[in-house]
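Asks: Need coordinates for the following:
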Amino acid sequence: MTLQLNIIDLILPSLFGIAILSFVALYFEAKRLSAIVILLFSFLIFSSSLYAAYIGTNAMYLGAIHIYPFSMLFVAIISIGVLLVGMSAYDYSKDYCAFASMLGLSLIAGFVVATSSTLLSILLGLELMAILASMLILLEGRHRIEAAVKLFIMGSLFAALFTFGAAILLQFNNGVSLNGPISGTGYAIILAMLLIIASLGFETAIFPFNLWIPDVYSGSPGFITAMLAGINKKVAFVGLILVLFVSFGAMAKTYSPIIEALAIFTMFYGNLLALSQKNVKRMLAYSSISQAGYILVGIAAASISGLSAAIFYIFAHSFMIIGAFIVVLVLESKNIQKVDEYTGLFQRSGILGISLSIFMLSMAGIPPLIGFFGKFLLFYSAVNSKLLFLAIVGIVNSFLSIYYYGRVINAIFTQRKQRHIHIGVMALIAIIVPLIIVVAFGLFPQPIINLASIAAKSII
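Replies: Numbering: from 1, shown residues only. Model (predicted):
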């Protein structure tokens, strides 16, 4: 118990430190201090939460913060994501100090969702993240107001539907608590479940609630797009998992067919529309929609193996998509946006060309990268749960994605003599770290599989 308290006693001061010191740096307009604060405290939170997940810490702090393997693993994922996004924005944000201060608050909001003990914590955390993301987009210029407004409206719709669903559940035991399954039956619970799934669909990019994704992603700077796809969306999946596996844990037979249908439509919608995209950033936006569909495959399985596979893939995709969007960020700053403009990228910058190719191959599910093992675990869990058709649909969609990823990779390695592309040190590190993770845990996935399994068992 002493060790458990020591871990939370390290995480909470780090969260307060990142919030307070980042605003101090903002006040003095100290860009380097802002970067140091983000990097130092994010790493402290990452290391301590990952250790807590590994040793199986389980404790309730202040009656509201639930520290256990599932929450700690996701706090680790969120914090390392914040660290990478913070590094990538250093040379590209118009007001890095303001960006860093709000990024720190986003980390706190993610922590609130991951350690939630009630539905209200999920609501507050996700809504705060949406508002902060909208403000961050606006900081980068008035020409981005459309993306910021669309994101804000979608956040408002999420809050309205989620609140309505939670209000219906108030009449039942464990209604808004995450202490166990809701005790009760009837159409009211089913209605509440549908409303909450729909509300979280806006945040997780599930079809048909994802129509805003391409416009917001393509209208935002690359580092904010990386944050939206690699952090915010993954935090929303935490909320969805908590709601379905805890609050509606006794209704797996009811929600599983719904999630299965949503997974199929989401995968096809994202992949089919990505096929025709000429802008790489917009292509990755549609790709991220299809990737949400793959995660839903594990959730639809409604089993420990399915949940473990979903957690593994959330971890994997966080690094794949953050790394890919940071590469796009660097190229976007050189006015390289379309697939044709990526021609000869390998000659202009070997690290950018190889990194983006590996990220895309991993998202396509090509071995021996981490994305392959993630998809294998997802489809295997679906088959075990007698969802063979869902597994087949997932495999078909994986083959579809090879086409549009292949177009970009083909352009990258096509020879064309052009000027060399310079990469800043911070952005370079923010690309190399995800690259190492994608390759290393593709070759040796067992440590992440074990962590995902521990996290899954702690929630079911």
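Asks: what helix or strand does residue 66 sit in?
Replies: strand 65-67 (DSSP states H and E).
Asks: Give me the sheet partners of that strand and which way each runs.
Replies: Strand 65-67 sits in its sheet next to strand 59-61 (antiparallel), going by DSSP bridges.
Asks: Buried by neighbour count: which residues of the strand it pairs with qualify?
Replies: residue 61 (16 or more other C-beta atoms under 10 Å). Where you see a C-beta, it was placed from the backbone N, CA and C, and this is true even at glycine.
Asks: can you give me how far it is from the chain middle?
Replies: The offset between the C-alpha centroid of strand 59-61 and the centroid of the whole chain comes to 25 Å, using C-alpha atoms, centre = their mean, to the nearest Å.
Asks: before we move on, back to that, now for the helix or strand following the strand holding residue 66, which elements pack on it?
Replies: Next along the chain after strand 65-67, taking DSSP H and E as the criterion, comes helix 69-89. Of the remaining helices and strands, those touching helix 69-89 by 3 or more C-beta pairs under 8 Å, 6 or more residues apart in numbering; DSSP states H and E are helix 31-55, helix 96-114, helix 222-227, helix 233-242, helix 304-332, helix 425-443, helix 446-459.
Asks: shaky segments in the stretch 101-250 of the chain?
Replies: 173-175, 184-185 (pLDDT under 70).
Asks: Which residues does the strand holding residue 66 contact?
Replies: 4, 7-8, 52, 57-61, 115-117, 178 (C-beta atoms under 8 Å, 6 or more residues apart in numbering).
Asks: which two in these are spaced the farthest apart?
Replies: By the measure C-beta to C-beta, 7 and 178 form the most distant pair in the contacts of strand 65-67, at 20.5 Å.
Asks: In PyMOL, select just the buried ones from the contacts of strand 65-67.
Replies: In PyMOL, a selection of the buried entries from the contacts of strand 65-67 looks like this (16+ other C-beta under 10 Å):
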select buried, resi 4+7+8+52+57+61+115+116+117+178
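Asks: Distance to residue 21 for the contacts of strand 65-67 - can I get that in TSV?
Replies: Compiled in TSV, the contacts of strand 65-67 are given as follows (distance: C-beta to C-beta, whole Å):
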residue	distance to residue 21
4	26
7	21
8	20
52	23
57	26
58	30
59	27
60	28
61	22
115	22
116	26
117	28
178	31
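Asks: what's the closest of the contacts of strand 65-67 to residue 307?
Replies: If you rank those by distance to residue 307 using C-beta to C-beta, residue 178 comes first, at 15.2 Å.
Asks: Now that closest one. Nearest residue, chain neighbours left out?
Replies: In space, residue 178 comes closest to residue 246 once its chain neighbours are excluded; the distance is 4.9 Å by C-beta to C-beta, 6 or more residues apart in numbering.
Asks: give me the number of residues near that neighbour?
Replies: Other residues lying near residue 246 total 20 when counted by other C-beta atoms under 10 Å.
Asks: Over to residue 358?
Replies: When counting by other C-beta under 10 Å, one arrives at 22 neighbours for residue 358.
Asks: Touching, it and residue 438? I think so.
Replies: Yes - Residue 358 lies in contact with residue 438 (C-beta atoms under 8 Å); the separation is 6.2 Å.
Asks: Any chance you could list residues touching both of these two?
Replies: Common neighbours of residue 358 and residue 438 (C-beta under 8 Å, 6+ apart) are residue 369.
Asks: contacting residues around residue 342?
Replies: Contact partners of residue 342, counting by C-beta under 8 Å, 6+ apart, are 280, 331, 336, 408, 411, 412.
Asks: go again using 10 Å as the cut-off
Replies: 280, 328, 331, 336, 348, 352-353, 356, 407-414, 416 (C-beta atoms under 10 Å, 6 or more residues apart in numbering).
Asks: Only the buried members of the residues you listed: can you turn that into a PyMOL selection?
Replies: Applying 16+ other C-beta under 10 Å to the contacts of residue 342, the buried members can be selected in PyMOL as follows:
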select buried, resi 280+328+331+336+348+352+353+356+407+408+409+411+412
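Asks: Inside strands: which ones of the contacts of residue 342?
Replies: Helix and strand membership here follows DSSP state E; of those, not one is in strands.
Asks: Return the subset of the contacts of residue 342 lying in helices.
Replies: If you go by DSSP state H, the contacts of residue 342 have 280, 328, 331, 348, 352-353, 356, 407-412 in helices.
Asks: Name the pair among the residues you listed with the greatest separation in space.
Replies: Every pair in the ones in helices among the contacts of residue 342 was compared (C-beta to C-beta); the two farthest apart turn out to be 348 and 407, at 18.0 Å.
Asks: got a pLDDT number for the residue nearest to residue 111 when sequence neighbours are not counted?
Replies: The spatially closest residue to residue 111, leaving aside those adjacent along the chain, is residue 75, at 5.6 Å (C-beta to C-beta, 6+ apart). Per-residue confidence for residue 75 comes out at a pLDDT of 93.
Asks: With the one 10 residues further on instead?
Replies: Predicted confidence (pLDDT) for residue 85: 94.
Asks: got a list of what it touches?
Replies: For residue 85, the contact set (C-beta under 10 Å, 6+ apart) comprises 38, 42, 99, 103, 106-107, 222-228, 230-231, 322, 325-326, 430.
Asks: related to what we said a few turns ago, isn't the residue nearest to residue 178 right up against residue 252?
Replies: No - when contacts are counted by C-beta atoms under 10 Å, residue 246 is not listed as touching residue 252 (11.7 Å).
Asks: Is it possible to get TSV of the helices and strands packed on helix 69-89 that adds distance to residue 398?
Replies: Written out in TSV, the entries for these read as follows (distance: least, C-beta to C-beta, whole Å):
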stretch	distance to residue 398
helix 31-55	29
helix 96-114	29
helix 222-227	23
helix 233-242	19
helix 304-332	12
helix 425-443	15
helix 446-459	20
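Asks: Any idea which of these gets closest to residue 145?
Replies: With distances scored as C-beta to C-beta, the stretch of the helices and strands packed on helix 69-89 nearest to residue 145 is helix 222-227 (13.6 Å).
Asks: Alpha carbons of the closest one, as CSV, please.
Replies: Listed next in CSV are the C-alpha coordinates belonging to helix 222-227 (Å, rounded to 0.1, in the frame of the first residue of the first chain):
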residue,chain,number,x,y,z
GLY,A,222,0.2,18.6,-38.2
PHE,A,223,1.2,18.6,-34.6
ILE,A,224,-2.4,19.3,-33.5
THR,A,225,-3.7,16.6,-35.9
ALA,A,226,-1.2,14.2,-34.3
MET,A,227,-2.7,15.1,-30.9
